[in-house]
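Enquirer: fold the following for me, if possible:
(one chain, ligands or ions: 1)
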Amino acid sequence: MLYEYNLQTPREDFINITAKVKEAVRQSGVIDGICVIYCPHTTAGITINENADPDVVTDMLLGLRKAFPDRREFQHAEGNSTAHLKSSFTGASQTVIIKEGGLVLGTWQGIYFCEFDGPRSRRFYVKVV
Ligand code: ZN
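Expert: Next up is the predicted model:
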């Protein structure tokens, strides 16, 4: 089963999409399988990280800004090369195991849609097999 979701994003953020992914898995009826969460954008991504302390997202965004600063040497005319770098760093997808009808996530793990060049209308897909 394939599920599509739309998002309105801010300038930069990690948006917790765990509940939407869990709902897709529940709707699919798959008990034992794999779930792929996929982002079809080049300046956004999907990652799994802590969902308890919101300061983690703040620090991740700060860390990514420090790791991938804007550079005069960049040639891409759109001017958003740092967002492209961050997108490739987080990756376009994550795969999560489905066991007994639920996602196999650690206690502190959440699934995030990562926006690096918003605000934009975005979408992501959840494929359950
Ligand atoms: Zn670009």
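Enquirer: the residue in the chain that the ion sits nearest to: which element?
Expert: Going by CB to the ion, the ion is nearest to residue 78 of the chain, at 3.6 Å. Every residue, glycine included, has its C-beta placed from N, CA and C. Taking DSSP states H and E as the definition, residue 78 sits outside all helices and strands.
Enquirer: just give me how far stretch 112-129 sits from the chain centre.
Expert: With CA atoms, centre = their mean, to the nearest Å as the basis, stretch 112-129 stands 6 Å off its chain's centre.
Enquirer: whether stretch 119-129 contacts the ion - can you check?
Expert: No - for stretch 119-129, no contact with the ion is found by CB under 5 Å from the ion; the gap never falls below 11.8 Å.
Enquirer: state the mean pLDDT of that stretch.
Expert: Mean pLDDT, computed over stretch 119-129, is 98.
Enquirer: before we move on, the earlier item: the residue of the chain closest to the ion and residue 59, how far apart?
Expert: Using CB to CB, to the nearest Å, residue 78 is found at 27 Å from residue 59.
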